[in-house]
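Engineer: Sequence plus predicted model, see below.
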Amino acid sequence: MQQSVAFKVLPQYEQQELQEEILHVLGLDHRPKPKKYGTDESASNFLMNLYTSFNDDGHPNIVRHTDLISNQSLLEMTESDVIISFNNQIKTQRHNQHLRHNRDRRFWFNITNVAQNSEIIDAELRIYRDPIRSRFNSSYSFQLTLFQLFDRGQIIKNYVDSIKIDGHVAGWLRFNVTQPLLDWLRFPGQNLGLYLQIRTSSIPKDLGPKSIGLFNSRGFKQYQPFMTAYIKSNTNDLQTPSPNRAEMFENKQRARRAVMNRKRSESSYYDPDDRNPFLSEYD
């Protein structure tokens, strides 16, 4: 039979003395401060939400009211063995001559824990937008174009993906970055990250992400950009990532093996802006 037993509450000074005695017995000179592994980071939150979106049988529940986890994400999860989310680490590259400029519109991910022979099903970049923070009203529309950067004696931009949004759009914006991830795995030394160009028809120059309400690496952790990779791979080929490099999620059911690659746009792209932003050194 369970019982509840009442204990006398010690005065505060006696509690402190008792704590000091316990620390002394443990050989500690102060109270330990364990490292906090919070789930407030966007990359971690994505994996947690993805995990909880599955029922006990390992099958996805249809998502109806979220912009972070889409039904497409759940489908890609069932087709993958391992899912890894990467935080944007462009801030760690401030001493890299190729990566230290225009950091507010650049994205760089450390993918060293992914084996080169991994089969990438899909990879996506997510960026959060809050229209309330935008300097423009809802009558504006914006063209967001993502480029992969290469070093060819000078930094050149290669088209990756683009989306057009209205001024009232809020939540997570998704870009397909499968091809850049494949290139980085094949040629690690060419990982110069991604560059986001933002334009609106009534203004001739590029806009900054902050001006239209986009969060970058300096924003709240739960809204910072991140990349997710869906992989078919032997997990023994994956190095254990450190908490600040990547968050790994392994599908419990080792889901089905069919591959559903999202088709990457094959259309050519002409950049009307002749000015290369990487020929000038400014932040």
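Structural biologist: Great, that's in hand.
Engineer: what about the residue nearest to Y140 when sequence neighbours are not counted, neighbour count?
Structural biologist: Of all residues not flanking Y140 in the chain, G167 sits nearest, at 4.4 Å (Cβ to Cβ, 6 or more residues apart in numbering). C-beta coordinates here come from the backbone N, C-alpha and C atoms, glycine included. Using other Cβ atoms under 10 Å, G167 has 16 neighbouring residues.
Engineer: quick one, phi/psi of R135?
Structural biologist: When read as degrees, to the nearest 10, the backbone of R135 gives phi -80, psi -10.
Engineer: That one contacts P209, doesn't it?
Structural biologist: No. In this structure, R135 is not within contact of P209 by Cβ atoms under 8 Å, at 11.5 Å.
Engineer: So between these two, which is more surrounded?
Structural biologist: P209 (19 against 11).
Engineer: so the more buried one makes contact with I198?
Structural biologist: Yes. In this structure P209 lies within contact range of I198 using Cβ under 8 Å: 6.5 Å.
Engineer: Touching both of the two, which residues are there?
Structural biologist: Common contacts of P209 and I198 (Cβ atoms under 8 Å, 6 or more residues apart in numbering): R105.
Engineer: quick one: contacts for the residue nearest to T178 when sequence neighbours are not counted?
Structural biologist: Distances taken as Cβ to Cβ, 6+ apart put A123 closest to T178, at 4.6 Å, once the chain neighbours are dropped. When contacts are counted by Cβ under 8 Å, 6+ apart, A123 is found next to N176, V177, T178, P180, L181, M227, T228, A229, Y230.
Engineer: before we move on, back to that, and the gap between the residue nearest to Y140 and P188?
Structural biologist: 39 Å (Cβ to Cβ, to the nearest Å).
Engineer: next one: I165
Structural biologist: Using Cβ to Cβ, I165 is found at 33 Å from P188.
Engineer: Those two - which one has more neighbours?
Structural biologist: Each of I165 and P188 has its neighbours counted (other Cβ under 10 Å); I165 has more, 17 against 11.
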